[in-house]
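Engineer: Make a model of this:
(one chain, ligands or ions: 2)
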Amino acid sequence: MTPGVEPRDTAGDLDIAVVRLDGDLPLPSYAHPGDAGADLLTTVDVTLGPGERAMVPTGVAIALPAGYVALVHPRSGLAARHGLSIVNAPGTVDAGYRGEIKVMLINHDPGEPIELRRGDRIAQLVVQRVERARFVEVGELPDSSRGSGGYGSTGGFGRS
Ligand SMILES: O=c1ccn([C@H]2C[C@H](O)[C@@H](COP(=O)(O)OP(=O)(O)OP(=O)(O)O)O2)c(=O)[nH]1
Ligand SMILES: [Mg+2]
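Structural biologist: Ligands and ions are numbered 1, 2, ... in the order given. This next block holds a predicted model:
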């Protein structure tokens with residue numbers, strides 16, 4: 001594909017087997033060509049009070065090919081407007097997992113409840129290739145510029 005040119009349609013390039021577990025709700029789908037996340041829907045009505053969380057079913061189970069992972073990400077619009085996020089963001093769906101994909105939603109708003117209705121788009125699924133590592137024990141690690149510095153070792157906001 002030519003760099004900078006949008007793909008033509010909203011389908012992906014990788015076939016992933018999906019089973020619908022709950023009626024006729026639509027399959028996960030990308031809202032726009034080029035989107036990284038396919039929207040996941042809730043199959044249930046649920047109200048989350050301020051600070052409350054819930055494990056919400058999406059009505060789909062998938063079989064990812066070996067070497068892939070699906071990550072369950074929050075939707076930024078719902079986060080910005082309502083404070084809706086995901087407790088374990090991003091959730092990890094392993095290639096071998098055949099159960100229903102669930103989303104652990106949390107209402108971060110301090111005062112307002114969030115009312116979700118069956119069929120609402122609650123999260124997005126990002127499918128990626130993933131490496132599986134071999135953890136090779138050694139006595140000592142090679143030097144690096146960062147070394148063991150972390151947790152703010154380079155400074156804060158960068159204000160002068
Ligand atoms: O947001 C999520 C996260 C996980 N899962 C499913 C798919 C995943 O393959 C499985 C296990 O997830 P994870 O490894 O994150 O949880 P765990 O607490 O380590 O459970 P386990 O001991 O089953 O691995 O749960 C979801 O449906 N949604
Ligand atoms: Mg695990």
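
Engineer: Tell me which stretches of the chain form helices.
Structural biologist: 76-82 (DSSP state H).

Engineer: Which stretches in it count as strands?
Structural biologist: Assigned by DSSP state E, the chain shows strands spanning 17-20, 37-41, 46-48, 53-57, 60-63, 68-73, 84-86, 91-93, 102-107, 114-116, 121-129.

Engineer: Could you look over these and pick the most buried one?
Structural biologist: strand 37-41 (a mean of 22; mean count of other Cβ atoms under 10 Å). The C-beta positions use only the backbone N, C-alpha and C, and glycine is treated the same way.

Engineer: hang on, the earlier thing: and the strands of the chain: which comes nearest ligand 1?
Structural biologist: Nearest to ligand 1 among those is strand 91-93; the distance by Cβ to the nearest ligand atom comes to 2.0 Å.

Engineer: do the closest one and ligand 1 meet?
Structural biologist: Yes - for strand 91-93, a contact with ligand 1 is found by Cβ under 6 Å from any ligand atom, at 91-93.

Engineer: Would you mind giving the strands of the chain as CSV with distance to Ala31 and mean pLDDT added?
Structural biologist: Listed next are these as CSV, based on distance: least, Cβ to Cβ, whole Å; pLDDT from 0 to 100:
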stretch, distance to Ala31, mean pLDDT
strand 17-20, 17, 98
strand 37-41, 6, 98
strand 46-48, 22, 98
strand 53-57, 19, 98
strand 60-63, 17, 98
strand 68-73, 14, 98
strand 84-86, 17, 98
strand 91-93, 20, 98
strand 102-107, 17, 98
strand 114-116, 18, 98
strand 121-129, 8, 98
